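Q: just to be clear, the model below is a prediction. Sequence and coordinates:
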Amino acid sequence: MMKFAGFQPTLFEFLEQLADNNNRPWFQEHKWRYERDVLKPALSLHPHLPASTESYFPVLCGQRPSDGRLTHASLPRHPIHQGRQTV
């Protein structure tokens, strides 16, 4: 089991840049950063999470929505938010 060392500041730099460049060509060029700064730390965190959280992180559990994309609508809602309207 990999030890979770936390998320590095480069994660937040990547996410800020992704927000400004949310397109496939940019992401393909920076996919190595996603794998290093997002995916690898997230995968090392997963084994340390309680089993009850797995439905909230389907990609970490090897699951994909039927169309292969991860969308807000495809994620399960936490019981505390059931019935709450989102904008």
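A: Looks like it came in fine.

Q: specify the local secondary structure of Arg36.
A: When classified by DSSP: H, G, I helix; E, B strand; the rest coil, Arg36 comes out as helix.

Q: look up the closest residue to it, ignoring the ones flanking it.
A: The shortest distance from Arg36 to any non-neighbouring residue, by CB to CB, 6 or more residues apart in numbering, is to Thr10 (7.6 Å). All C-beta spots, glycine's among them, are computed from the backbone N, C-alpha and C.

Q: my guess is that neighbour contacts Tyr34. True?
A: No - when contacts are counted by CB atoms under 8 Å, Thr10 is not listed as touching Tyr34 (10.8 Å).

Q: between those two, which has more neighbouring residues?
A: Remark: of Thr10 and Tyr34, Tyr34 carries more neighbours, 16 against 12, as counted by other CB atoms under 10 Å.

Q: touching, that one and Leu15? I think so.
A: No - between Tyr34 and Leu15 there is no contact under CB under 8 Å: 9.6 Å.

Q: check whether Gly6 sits in a helix, strand or coil.
A: The three-state label given to Gly6 by three-state DSSP is coil.

Q: count of residues packed around it?
A: With other CB under 10 Å as criterion, Gly6 counts 9.

Q: next one: Leu18 from Val38, what distance?
A: Distance from Leu18 to Val38, counting by CB to CB, to the nearest Å: 9 Å.

Q: same deal with Ala51?
A: 22 Å.

Q: pick out whichever of those two has more residues nearby.
A: Taking neighbours as other CB under 10 Å, Ala51 and Val38 compare with Val38 leading, 16 against 6.

Q: tell me which element Lys40 falls in.
A: helix 40-45 (DSSP states H and E).

Q: quick check: buried residues in that helix?
A: Using 16 or more other CB atoms under 10 Å as the test for burial, helix 40-45 gives Pro41, Leu45.
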